[in-house]
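Visitor: can you look at this prediction? I've put the sequence above it.
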Amino acid sequence: MLIVPQNWAENVALVRSRMAAAARNAGRDPTQVTLVAVSKAQPVEAVRAVHALGVRDFAENYPQEALPKIEACADQAPSWHFIGQLQSNKTRPVATHFAWVHSVDRLAIARRLNEQRPYHAPPLQVCLQVRLAPEPGKAGVTPDELEALAREVSRFERLKLRGLMCLPQPEREPEQQRLPFCRLRELRDALNRKGYMLDVLSMGMSDDFEAAIAEGATHVRIGTAIFGPRPGSTKRES
């Protein structure tokens, strides 16, 4: 029998409760918001334990770290989401082993994912990562370039363009947190008015997922609030 640490069980329950409350406060159906547990830097045992609590979606940032976990958890069959910045020489394992990629921001990466997606697998579900502010070094397509990228990605047969993703600068006040999420929703809606039929907004992490849900998030990427702080981490955590 798999023994789940009590704090993880409590954390998952609390996150789900907060997600549901945020959705209801926004007049939304809580079942329309998917919890994606960010298992970066967590051991296989953590993924298996959280899966046993009913979480079915897990996210990773690095293919080399993810592949052993995917193999070890194959019997549980979680849905794997790639959320990191993709390098062109790392696309094949992602195209082969993941169900989702949230961080497509270049046509060249989308083309490689399409070419390398196995034909026996369903189309790879993808979101376009949008850089909403001029932050040096941050990945993402600019809002001005978004429609052109969406047009090209939507033409690939082995990819299914589902929506948009963002990773905004951290803010402490809920109203400030909501601003970039509102902007991403507006960009998604503008594309839909042109016929794209996008249904996913991947936005919100441990510190701001309630603000993201208020603005229409369909997938929230939660790591720290479930697993606790990652050892040695100094960057903003999911």
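Guide: Good, I have the coordinates.
Visitor: what's the neighbour count on the residue lying closest to Leu67 once chain neighbours are set aside?
Guide: Counting by CB to CB, 6 or more residues apart in numbering, Pro93 is the residue found nearest to Leu67 once chain neighbours are left out, at 5.9 Å. Using the backbone N, CA and C atoms, a C-beta is placed for each residue, glycine as well. Neighbour count for Pro93, taken as other CB atoms under 10 Å: 15.
Visitor: now the one helix or strand Pro93 maps to: buried residues?
Guide: Per DSSP states H and E: Pro93 is located in helix 91-97. The neighbour-count check on helix 91-97 (16 or more other CB atoms under 10 Å) flags 91, 94-97 as buried.
Visitor: avg pLDDT for it?
Guide: Here helix 91-97 scores 97 as its mean pLDDT.
Visitor: report the distance from it to the chain centre.
Guide: 16 Å (CA atoms, centre = their mean, to the nearest Å).
Visitor: next one: stretch 207-216
Guide: Worked out by CA atoms, centre = their mean, stretch 207-216 lies 14 Å from the chain centre.
Visitor: just the mean pLDDT for that stretch, thanks.
Guide: pLDDT averaged over stretch 207-216 gives 98.
Visitor: kindly report the same for stretch 130-137.
Guide: 86.
Visitor: ok, now stretch 223-238?
Guide: The model assigns stretch 223-238 a mean pLDDT of 73.
Visitor: ranges for the helices of this protein?
Guide: In the chain, the helices defined using DSSP state H lie at 6-25, 44-52, 63-72, 91-97, 107-116, 143-153, 174-193, 209-214, 224-227.
Visitor: gap between Gln87 and Thr96?
Guide: From Gln87 over to Thr96 the distance is 16 Å, taken as CB to CB, to the nearest Å.
Visitor: no wait, Gly216
Guide: Distance from Gly216 to Thr96, counting by CB to CB: 31 Å.
Visitor: Ser202 pairs with what?
Guide: Beta bridges link Ser202 to Met165, His219 when assigned by DSSP bridges.
Visitor: that one: how many residues sit nearby?
Guide: Count around Ser202 with other CB under 10 Å applied: 28.
Visitor: and it, what is it in contact with?
Guide: Counting by CB atoms under 8 Å, 6 or more residues apart in numbering, Ser202 touches 36, 83, 102, 127, 163-166, 217-219, 221.
Visitor: for it, report the pLDDT, please.
Guide: If you check Ser202, the pLDDT there is 98.
Visitor: returning to what we had before: can you put the helices of the chain in JSON lines and add distance to Gly137?
Guide: Below are these laid out as JSON lines (distance: least, CB to CB, whole Å):
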{"stretch": "helix 6-25", "distance to Gly137": "29"}
{"stretch": "helix 44-52", "distance to Gly137": "29"}
{"stretch": "helix 63-72", "distance to Gly137": "21"}
{"stretch": "helix 91-97", "distance to Gly137": "21"}
{"stretch": "helix 107-116", "distance to Gly137": "17"}
{"stretch": "helix 143-153", "distance to Gly137": "17"}
{"stretch": "helix 174-193", "distance to Gly137": "17"}
{"stretch": "helix 209-214", "distance to Gly137": "23"}
{"stretch": "helix 224-227", "distance to Gly137": "22"}
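Visitor: of the ones you listed, flag the one that's most buried.
Guide: Most buried of the helices of the chain by mean neighbour count (mean count of other CB atoms under 10 Å) is helix 209-214; its value is a mean of 25.
Visitor: list the contacts of that one.
Guide: With CB under 8 Å, 6+ apart, helix 209-214 has contacts from 15, 18-19, 21-23, 25-26, 28, 33, 174, 177-178, 181, 201, 203-204, 217, 220, 222, 225.
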